[in-house]
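Q: take this sequence and fold it.
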Amino acid sequence: MIRLVAVDMDGTITESSRSLKLSPHSIEAVRILKSRGLRVVLVTGNSLPVAASMSLYLGARDPVVAENGCIIFYLDAMSEEHLCSGKPGEDVVDLVVSRGFKPAWQNKYREHDLAFHPPRDLNHESLEELKTLLEARKYRVYWSGFALHVQPEGGGKDRGVEAILRKLNISWGETAAIGDGENDIPLLLKAQISATPADGAEAVKRVVKYVATKPGGEGFLEFARLIASTLP
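A: Numbers count the residues shown, from 1 in each chain. Just a heads-up that it's a prediction; the model follows:
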């Protein structure tokens, strides 16, 4: 039986994969899941202040995973767990900026994972080349669909959720997950039930067990109703 639902933020609780506007359908989805006694864990590449605030305002109030798994925050105990140490140095920032990327405003509040917004003329080949250069320097690199994320070893959304599961004594077999980006795939592969909104990345659609018929937050609501229908 599902006890915890891990939920990506950008593209999943927002209106669509290209929107950062919170979908009102996501509020209803969280309320449905919480009313059935489930833990709702937000899992995001966003900074901790953004992730924790969103959990509070949505009414989830469960642990959150921020910075693509580098930081876990337990709202009930107001305590943090860090799976990464340090952050990319100025040489990395200079390398990424030299390729036309712009540092995200949230970098000021990030402790490990740095995010960079892409240039308008970004193409797949140049992105892959940059990722290869950064990985050669022993950094983990994620493309979220909104930004390029660079972090030290130790992170990953799946690792962040796994740490929470251990603390709450919940197994992967009791976990559902929904996300729309390629950086969600390791998490989605481990969850017992996995889903993506209708506008999720094609690579994500190939690995999940359920593809919603609606985009963004509407798809999340569809998935929440599906999960609730499986509960006694």
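
Q: by contact count, what packs against the helix or strand harbouring Asp158?
A: Following DSSP states H and E, one finds Asp158 within helix 157-168. Under the contact definition 3 or more Cβ pairs under 8 Å, 6 or more residues apart in numbering; DSSP states H and E, helix 157-168 sits against strand 4-8, strand 39-43, strand 64-66, strand 71-74, strand 175-178, helix 185-190. In this view, the C-beta of every residue, glycine as well, is placed from N, C-alpha and C.

Q: the fourth one pairs with which strands?
A: Okay, so that is strand 71-74. strand 64-66 (antiparallel), strand 79-82 (antiparallel) (DSSP bridges).

Q: quickly list the domain ranges of the chain.
A: As assigned by automatic domain parsing, the chain contains the domains 4-82+155-229, 90-151.

Q: what pLDDT, on average, does the shortest one get?
A: Same thing as domain 90-151. Averaging pLDDT along domain 90-151 yields 94.

Q: what does the longest one give?
A: Across domain 4-82+155-229, the average pLDDT comes to 97.

Q: start to end distance for it?
A: Domain 4-82+155-229 stretches 15 Å from its first residue to its last (Cα to Cα, to the nearest Å).

Q: what's the distance between it and the middle of its chain?
A: 7 Å (Cα atoms, centre = their mean, to the nearest Å).

Q: same deal with stretch 133-140?
A: Relative to its chain's centre, stretch 133-140 lies at 21 Å (Cα atoms, centre = their mean).

Q: sorry, back to before: out of the helices and strands packed on helix 157-168, which is the most enclosed?
A: Each of these was assessed for mean neighbour count using mean count of other Cβ atoms under 10 Å. The highest is strand 64-66, with a mean of 30.

Q: ignoring the adjacent residues along the chain, who's closest to the most centrally placed residue in the chain?
A: Geometric centre of the chain, nearest residue: Thr44, 2.9 Å, by Cα atoms, centre = their mean. The shortest distance from Thr44 to any non-neighbouring residue, by Cβ to Cβ, 6 or more residues apart in numbering, is to Met9 (4.0 Å).

Q: list of residues touching whatever helix or strand Ala52 lives in?
A: Element membership for Ala52, per DSSP H and E: helix 48-58. For helix 48-58, the external contacting residues (Cβ atoms under 8 Å, 6 or more residues apart in numbering) are 9, 13, 22, 26-27, 30, 40, 42, 44, 46, 61-62, 64-67, 71, 73, 75, 80, 106, 109, 111.
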